[in-house]
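Novice: this is the structure alone, sequence omitted:
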């Protein structure tokens, strides 16, 4: 039976799970946090896990932005109507807005650096705290794997739903609340309904002050839910590596010509690994070894991550940054400068920006990283999540039963070796 590490027994906790969801320490690029804080103050802090600070920044930004009519001034600036820009902009609130905006960028950047340092300290601890499962009268939370693209899809349908899918209920609630408020005041649903029916959208009906919040928040929701799923998948990998690598049952020295012998197989890290170990222990196979294969995945050219390979270094970052930026410009220019209306041109900008951002991240940024030998954030390209399992069979009955377990649990059979041969090999 594995000993359980309590939260109060460790100085720095890796994660915590409660009825409000899951939060965790993770490494991040400080410039990524700064970028999203520049897009809308508070987003960088939500990404880092500082939910209260993020909520206050977002609420303050939207309140001051509305009072200063920053978005309206931006809209008129980018369509070339500078006279209206000067008329709508409120200097009383606008100058205060700049102070909040700059501080949010700086604070998220510095907090990212500090959290990266905490990640290093947490990994150096002899004991680490992970929480796998929580059941309460309010619900059941389980640390398990989730496909990143499913989380991104749910956030595309309704911003914040992807975060709820990732068990990040506080973050999801903040984003859903502001999505609903922005949707109501910008009349986004009404405009989208007219777009779907093919009706003309009159620019006089558009509240540009509120509508220009939408590209930033929907872009962040999609990107953050995707990255969150990747990080939670990696959290499960870390939890299993810590839990099962501390358990040693590998012994040699029994008699017999053909037995004892060892079955060797491989499988991916998932909930299935724990089912395999529980099955072995339940049926008396206490002499086994789980070996974690430390094979780093350094392929920086992949389009996306999967539920199995959550390396978090795909080109999705560039794609979503480009999509959010061009969606903003498409929304502003749609109808005012480009025929088609803000919804159609905004959606087109989202798609075109995603493609351009992906290409820039894959080829231009990739070429610069290779030329300047820039490595990713420490720990951003972890192992593929594959393990090797050795199980000891002392007789033919156990041999046959282990063969059945390997087949039922989808363990890739590698081979078997007699104990005498194994002892000679490692001696």
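Specialist: Yep, it's here. A quick note: this is a predicted structure, and the numbers were derived from the prediction, not measured.

Novice: endpoint to endpoint, stretch 264-278 covers what distance?
Specialist: End-to-end distance for stretch 264-278: 17 Å, by CA to CA, to the nearest Å.

Novice: tell me the mean pLDDT over it?
Specialist: Mean per-residue pLDDT for stretch 264-278: 81.

Novice: flag the shaky bits of the protein, pLDDT-wise.
Specialist: Confidence mapping of the chain against pLDDT under 70 gives the ranges 1-3, 202-203, 245-258, 294-315, 335, 366, 369-371, 373-385, 425-427.

Novice: for it, what's the longest helix?
Specialist: Determined from DSSP state H, the single longest helix within the chain is helix 91-124.

Novice: what's the next secondary structure element after that one?
Specialist: Using DSSP states H and E, the helix or strand that follows helix 91-124 in sequence is strand 133-136.

Novice: before we move on, back to that, can you give me the buried ones in the longest helix of the chain?
Specialist: 93-94, 97, 100-101, 104-105, 107-109, 111-112, 115-116, 119, 122 (16 or more other CB atoms under 10 Å). Just so you know, the C-beta spots here come from the backbone N, C-alpha and C atoms, and that holds for glycine as well.

Novice: how about the helix or strand hosting residue 182: buried residues?
Specialist: In this structure, residue 182 sits in helix 169-186 according to DSSP H and E. Across helix 169-186, burial judged by 16+ other CB under 10 Å covers 169-176, 178-179, 182-183, 186.

Novice: tell me the one of those nearest residue 69?
Specialist: Distances from residue 69 to the buried residues of helix 169-186, taken as CB to CB, are shortest for residue 186 (14.3 Å).

Novice: my guess is that closest one meets residue 217, correct?
Specialist: No. Using CB atoms under 8 Å, residue 186 is not in contact with residue 217; the gap is 10.7 Å.

Novice: what is the neighbour count of residue 236?
Specialist: Each residue near residue 236 was counted by other CB atoms under 10 Å, and the total is 22.

Novice: please apply the same query to residue 136.
Specialist: Each residue near residue 136 was counted by other CB under 10 Å, and the total is 9.

Novice: the nearest residue to residue 153 once chain neighbours are set aside: what's it in contact with?
Specialist: In space, and not counting its chain neighbours, residue 153 is closest to residue 162: 7.5 Å by CB to CB, 6 or more residues apart in numbering. When contacts are counted by CB atoms under 8 Å, 6 or more residues apart in numbering, residue 162 touches 151-156, 172, 221-222, 224-226, 228-229.

Novice: ok, residue 352 next?
Specialist: Going by CB under 8 Å, 6+ apart, the list of residues near residue 352 reads 326, 330.

Novice: and with 10 Å instead?
Specialist: 322-323, 326-327, 330, 345 (CB atoms under 10 Å, 6 or more residues apart in numbering).

Novice: just the ones of those in helices?
Specialist: Filtering the contacts of residue 352 for helices - DSSP H - leaves 322-323, 326-327, 330, 345.

Novice: and of those residues, the nearest to residue 63?
Specialist: residue 327 (23.4 Å).

Novice: was I right to think that closest one contacts residue 213?
Specialist: No. Assessed by CB atoms under 10 Å, residue 327 is found out of contact with residue 213, at 11.8 Å.

Novice: so where do the strands sit in the stretch 301-427 of the chain?
Specialist: Per DSSP state E, counting those that start in this stretch, the stretch 301-427 of the chain carries strands over the ranges 386-393, 412-418.

Novice: let me know which of the ones you listed is tucked in deepest.
Specialist: Of all the strands of the stretch 301-427 of the chain, strand 386-393 carries the top mean neighbour count, a mean of 21, counting by mean count of other CB atoms under 10 Å.

Novice: ok and that one relative to strand 412-418, angle-wise?
Specialist: Going by axes from the mean of the first three to the mean of the last three CA atoms, to 10 degrees, strand 386-393 is angled at 40 degrees with respect to strand 412-418.

Novice: list the helices and strands strand 386-393 packs on?
Specialist: helix 214-245, strand 261-268, helix 271-282, strand 288-292, helix 396-408, strand 412-418, helix 419-426 (3 or more CB pairs under 10 Å, 6 or more residues apart in numbering; DSSP states H and E).

Novice: let's have these in TSV, adding distance to residue 130.
Specialist: Converted to TSV, those look like this (distance: least, CB to CB, whole Å):
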stretch	distance to residue 130
helix 214-245	4
strand 261-268	19
helix 271-282	13
strand 288-292	15
helix 396-408	26
strand 412-418	27
helix 419-426	31
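
Novice: pick the most buried one from those.
Specialist: With a mean of 23, the top stretch among these by mean neighbour count (mean count of other CB under 10 Å) is helix 214-245.

Novice: circling back: let me know the closest of the buried residues of helix 91-124 to residue 243.
Specialist: For the buried residues of helix 91-124, the nearest to residue 243 is residue 122 (15.7 Å; CB to CB).

Novice: give me the nearest residue to the closest one, chain neighbours excluded.
Specialist: That would be residue 12: by CB to CB, 6+ apart, it lies 4.3 Å from residue 122.
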